[in-house]
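Trainee: sequence first, then the predicted structure:
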Amino acid sequence: GCRWFMPGPLGEVIPKQKTIAVHDVNIVERPSFKYRRLFYFGGGEAEVKWQLQTKSNNFISAHGLKGYEGFGGHAYESLVPPQEYFEKHPEYFALWHGKRVTNQICLSNAEVVRIVVNKANNYFDEHPEDKALSFSLSPNDYSQFCECEGCQRLGPTVSDRVMAFTNTVAKDVRQRHPDKLLNVYAYDGYIDLPKTIEKMEDNVAIIICRITQDGVYSFPIASDDQYSKRIRKIIEGWVGKARHILFYDYYAHYDWFAPWPLEKSIVVDLRYYHSLGPMVEGLVPEMHPHWGTQGLTSYVMAKFSWNVNLDIDSLVGDYYAKLYGGAANEVKAYFDVFADRFRVLQIPFWGQMGKWREINTPESVARAKTHLTRAKRSADDSSIAARVHLLELGLRYVELKTKFQKDRSDGGNLARALHRMDDLEA
């Protein structure tokens with residue numbers, strides 16, 4: 001049948017037939033997850049169309065498409081803008097080491113609660129349609145949480161204070177908008193379970209962001225390593241506290257534009273999430289449309305967001321065979337070079353940039369380039385040759401970025417490193 005492996009004509013594989021026979025059809029499908037987002041940043045009309053083709057349902061209203069919106073986003077800065085309030089009301093903002101700072105808000109200040117409740121209510125008043133079903137209460141993407149006496153009374157940890165504030169706002173908003181949700185990240189310094197809160201309010205959605213200093217995305221969450229065990233304990237604790245759970249993962253991230261084969265991890269992770277129960281409602285990953293390096297990752301994420309029971313080997317085999325034809329084996333071998341490096345090195349997510357040269361060694365890049373050269377010779381037609389060329393551009397990025405990293409670290413040759421940046425932009 002038809003395949004949409006990536007946006008645009010280059011990603012389409014449409015069989016040509018003289019006649020199409022259609023018999024009686026009665027097919028009912030129910031997605032594994034209610035809310036399915038792919039891209040957080042980047043992309044355009046082509047990516048929006050592709051998400052429709054792959055059954056994602058997060059579309060912004062500007063595109064005139066039916067879907068949902070409102071899950072996620074660091075929000076305190078927009079809820080209580082420092083430029084509007086800080087000069088006259090510094091007490092609305094975090095007391096950090098004895099000084100008021102604008103990185104976060106004061107979570108125990110009654111006027112701050114009132115402002116945020118009004119913002120949420122006004123948003124829902126102005127967006128009565130069903131798709132605007134949630135409003136973000138997530139902290140800014142900084143530390144420096146408030147240390148005032150009132151905030152300390154909310155609980156002993158940052159998680160306690162963030163979630164107590166969230167519950168307070170949620171109770172008030174529910175009076176006017178009982179069918180809407182308030183969402184908040186469980187993230188970084190507040191991913192751990194609060195110690196003083198038994199349950200989140202029923203109109204609160206917890207978005208678990210699986211990002212920690214020791215997180216290793218190259219290994220599935222069901223692995224037996226110390227990190228996986230710890231994060232599973234946290235996740236299962238949140239499942240016991242919240243009626244609505246979503247997951248915010250980093251499978252195709254801006255910090256790693258190079259090939260990052262994660263399809264096997266995605267399958268295990270999504271099946272685990274689905275097994276936790278009906279309160280797990282959605283996937284809102286921070287992914288980016290890196291089609292020259294991470295196209296398979298996005299495709300697998302899209303397909304398994306709809307159906308976690310697909311056969312991954314059949315899906316991947318179909319991807320390579322139909323997208324790359326006679327070049328399929330060499331293209332697969334190309335990506336296997338990078339998969340093997342991650343498997344051997346076991347580098348945590350936040351350690352990848354520092355280990356760029358260790359992952360993309362001259363030897364591994366040379367092997368990868370050999371496979372792409374063979375793939376180009378094996379291309380059946382101009383479309384397949386163009387797809388292989390897209391991979392070549394991705395590998396060229398890896399080569400230039402590797403040289404940039406070397407120039408920057410070896411002797412601090414800033415001028416040469418900046419020249420590499422010009423090459424990257426070109």
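Mentor: That came through fine. Numbers count the residues shown, from 1 in each chain.

Trainee: looking at the chain, which helix is longest?
Mentor: helix 382-409 (DSSP state H).

Trainee: so for it, mean pLDDT?
Mentor: Averaging pLDDT along helix 382-409 gives 88.

Trainee: same question, stretch 211-229
Mentor: 75.

Trainee: contacts for it?
Mentor: 187-188, 191, 210, 231-232, 249-251, 260, 262, 264-265, 267-269, 272, 342-343, 346-350 (Cβ atoms under 8 Å, 6 or more residues apart in numbering). C-beta here means a position set from N, CA and C on the backbone, and glycine is covered the same way.

Trainee: just stretch 85-97 next, same as before
Mentor: Contacts for stretch 85-97 (Cβ under 8 Å, 6+ apart): 80, 82, 100-106, 109, 111-112, 115, 144-148, 151.

Trainee: distance from the chain centre to it, please.
Mentor: Chain-centre distance of stretch 85-97: 32 Å, with Cα atoms, centre = their mean, to the nearest Å.

Trainee: now the stretch 251-400 of the chain, which segments are flagged as low pLDDT?
Mentor: 254-255, 347-354 (pLDDT under 70).

Trainee: what segments of it are helices?
Mentor: All helices of the stretch 251-400 of the chain, identified by DSSP state H, counting those that start in this stretch, fall at 263-275, 295-306, 312-324, 328-345, 356-359, 362-378, 382-409.

Trainee: can you state the direction angle for the fourth one and helix 312-324?
Mentor: Angle, helix 328-345 to helix 312-324, by axes from the mean of the first three to the mean of the last three Cα atoms, to 10 degrees: 130 degrees.

Trainee: render the CA-only coordinates of helix 328-345 in CSV, please.
Mentor: Taking C-alpha atoms only, helix 328-345 is exported to CSV below (Å, rounded to 0.1, in the frame of the first residue of the first chain):
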residue,chain,number,x,y,z
ALA,A,328,18.4,-0.8,1.5
ASN,A,329,21.0,-3.1,2.8
GLU,A,330,23.8,-0.5,2.6
VAL,A,331,21.6,2.2,4.2
LYS,A,332,20.8,-0.1,7.1
ALA,A,333,24.5,-0.9,7.5
TYR,A,334,25.2,2.8,7.5
PHE,A,335,22.8,3.4,10.5
ASP,A,336,24.1,0.2,12.2
VAL,A,337,27.5,1.9,12.5
PHE,A,338,26.1,4.6,14.7
ALA,A,339,23.8,2.2,16.6
ASP,A,340,26.8,0.0,17.5
ARG,A,341,28.7,3.1,18.8
PHE,A,342,25.9,4.0,21.2
ARG,A,343,25.4,0.5,22.3
VAL,A,344,29.1,0.1,23.2
LEU,A,345,29.6,3.5,24.8
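
Trainee: what packs against it?
Mentor: helix 312-324, helix 356-359, helix 362-378, helix 382-409 (3 or more Cβ pairs under 8 Å, 6 or more residues apart in numbering; DSSP states H and E).

Trainee: so which of these gets nearest Glu281?
Mentor: The closest of the helices and strands packed on helix 328-345 to Glu281 is helix 312-324. By Cβ to Cβ, the value is 23.0 Å.

Trainee: flag every buried residue along that closest one.
Mentor: Neighbour-count burial for helix 312-324 flags Ile312, Leu315, Val316, Tyr319, Tyr320, Leu323, Tyr324 (criterion: 16 or more other Cβ atoms under 10 Å).

Trainee: ok, and what's touching it?
Mentor: 3, 5, 11, 13, 263-264, 267, 296, 299-300, 303-304, 328-329, 331-332, 375, 379, 384, 387-388.

Trainee: please enumerate the strands of the protein.
Mentor: Ranges of strands in the chain, per DSSP state E, are 3-4, 12-13, 35-36, 93-96, 99-105, 134-136, 181-186, 204-209, 244-248, 280-283.

Trainee: show me what the third one packs onto, helices and strands only.
Mentor: Where contact means 3+ Cβ pairs under 8 Å, 6+ apart, strand 35-36 is packed against strand 280-283, helix 295-306.
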